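Asks: just need the structure, nothing else, for what follows:
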Amino acid sequence: MQAHNKTVVKSMQILTLFLNYPKLTFNEMMELSHIPKTSLHRMVGSLEEMGFLTRDEEGYYSLGLLFLQFGQLVSERLDIRTIALPIMKELRDDVEEAVNLIVRDANEAMYIEKIDTLQPVRLYTSIGRRSPLYAGDSRIILAYLPEEEREAYIENTELKPIAMGTITDKSVLRQSLEDARQNGYTITSSELENHTKAISAPILNSQNQIVAGISIAGIDARYQENRLPELIQKVTNAARRISLKLGSQM
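Replies: Below is the predicted model:
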């Protein structure tokens, strides 16, 4: 374990050199890092293979495009939180339900912002909480992923029951995802916690790709059938407002 930790530390030492230098040769990296040639050669090769470093025709190394993707993702998520927060507060005050902002994190969803309800009975949802993409309000993200990604996720994921309403049949899940894309929202019942309901809608970026979901959630007694159309309209409108600020043409 310690050997692995040392490798990670030294790899980070190499990468941080590029905070001050846009391009470096192998010899320059060796001189600046003081890492032995053999070790440096092995680590640089691994970093290049993984996409963290790239080498041009003249032998100069620079940070790979993978860092650009990470940077865009971090920036996008930070921008979403900044843009979404006032709209989330308006939505909470309007419908008096908890409002969540959810993003994809690998094969899970993560709550990155929350405005709590003022109701005395509340759900347990906190910033940083994770949930599977197939269950609850997170499913809106899965619904809007590209078809190949969506299908690969379904094929490789065991649908485990979490609460009494969790979908555990893959054919039912596929139909639910199709309905979500057709309708532009999801309504889920008792999928992450019993006796709860959530309504979620997609947030899209300038390429009309899914980057997040916004949802309201609470105890199911507050989501009567005659109230659902109004709640759906307010959630989808909030999602649309955030998407437009991110450059979406939806």
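
Asks: so A238 makes contact with R92?
Replies: No - counting by CB atoms under 8 Å, A238 sits too far from R92 to count as a contact (9.9 Å). Glycine gets a C-beta too; all of them are placed from N, C-alpha and C.

Asks: higher neighbour count, those two?
Replies: A238 (24 against 19; other CB atoms under 10 Å).

Asks: contacts only, for that one.
Replies: 87-88, 90-91, 99, 201, 214 (CB atoms under 8 Å, 6 or more residues apart in numbering).

Asks: quickly check those for the two that are furthest apart.
Replies: E90 and A201 (14.7 Å; CB to CB).

Asks: quick one: which of these two has more around it?
Replies: Of the pair E90 and A201, A201 is the one with more neighbours under other CB under 10 Å, namely 26 against 15.

Asks: who is the more buried one paired with across the strands?
Replies: I214 (DSSP bridges).

Asks: measure it to T186 for me?
Replies: 8 Å (CB to CB, to the nearest Å).

Asks: overlap in contacts of these two?
Replies: Joint contacts of A201 and T186 (CB under 8 Å, 6+ apart) are I140.

Asks: what is the subsequent helix or strand relative to the helix or strand encompassing E155?
Replies: Secondary structure from DSSP states H and E places E155 in helix 147-156. Per DSSP H and E, the first helix or strand lying C-terminal to helix 147-156 is helix 170-183.

Asks: what residues of that following helix count as buried?
Replies: Across helix 170-183, burial judged by 16 or more other CB atoms under 10 Å covers 173, 176-177, 180.

Asks: again with stretch 198-215
Replies: 198-205, 210-215.

Asks: same question for stretch 223-231.
Replies: 223, 231.

Asks: before we move on, back to that, what residues do A238 and R92 have in common as contacts?
Replies: In terms of CB under 8 Å, 6+ apart, A238 and R92 are both contacted by the residues V99.

Asks: still on that earlier bit, can you tell me which of the contacts of A238 end up in strands?
Replies: 99, 201, 214 (DSSP state E).

Asks: domains of the chain?
Replies: With domains defined by automatic domain parsing, the chain comprises 2-63, 70-245.

Asks: now those in CSV, with mean pLDDT?
Replies: Below are these laid out as CSV (pLDDT from 0 to 100):
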stretch, mean pLDDT
domain 2-63, 87
domain 70-245, 90
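
Asks: can you say which of those domains is packed in most?
Replies: Comparing the domains of the chain by mean neighbour count (mean count of other CB atoms under 10 Å), domain 70-245 ranks first with a mean of 18.

Asks: between the two ends of that one, how far is it?
Replies: 21 Å (CA to CA, to the nearest Å).

Asks: okay, and E49 sits in which element?
Replies: Going by DSSP H and E, E49 is part of helix 37-50.

Asks: show residues contacting that helix.
Replies: 7, 10-11, 14-15, 26, 29-30, 33, 35, 53-55, 61, 64, 66.

Asks: ok, 6 Å please
Replies: 11, 30, 53 (CB atoms under 6 Å, 6 or more residues apart in numbering).

Asks: I'd like to know how far the second one sits from E48.
Replies: Summarising the geometry, the distance separating M30 from E48, computed by CB to CB, is 15 Å.

Asks: next one: A217
Replies: A217 is 45 Å from E48, by CB to CB.

Asks: repeat for L19
Replies: 18 Å.

Asks: quick one: V103 is in a strand?
Replies: Yes - under DSSP: H, G, I helix; E, B strand; the rest coil, V103 falls within a strand.
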